[in-house]
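Student: Generate coordinates for the sequence data below:
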Amino acid sequence: AAACTGWPYFALQGGGQCFCGDAFSRTPNHSKLGDAMCGRVCPGEDNKLPTRYCGGGWRNAVYAAPSAMTSLFGLQHAPRPNRNSTR
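Tutor: Predicted coordinates:
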């Protein structure tokens, strides 16, 4: 999540590869799947709630970034990173 500070969403894929973004797709070929399809629990995250999945092969575990959650409650969030960033 720290790598995506300033972005409303982040996703983990393939065991932890991180992607940041402004939105996520809701098209039929990118539909929501059950949590069990979102890969394994991230290393060191066993027995934590909510369950923290690290994505799988061609499967993203999508999360609302902490800054997006605070902005929902009217708090100021961190500035958006440079769009040319590789993260």
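
Student: And the pLDDT for residue 53?
Tutor: Note on residue 53: pLDDT of 90.

Student: hang on, I meant residue 12
Tutor: For residue 12, pLDDT reads 91.

Student: and what of residue 37?
Tutor: pLDDT, read off for residue 37, is 85.

Student: what about it, neighbour count?
Tutor: Under the neighbour criterion other CB atoms under 10 Å, residue 37 is assigned a count of 11. (Glycine included, C-beta is placed from N, CA and C.)

Student: what does residue 55 give?
Tutor: 22.

Student: can you pull up the bridge partners for it?
Tutor: residue 39 (DSSP bridges).

Student: Check residue 19 too.
Tutor: residue 11.

Student: Distance check, it against residue 54.
Tutor: Noted for residue 19: a distance of 12 Å to residue 54, by CB to CB, to the nearest Å.

Student: same check, this time on residue 14
Tutor: On the measure of CB to CB, residue 14 and residue 54 end up 8 Å apart.
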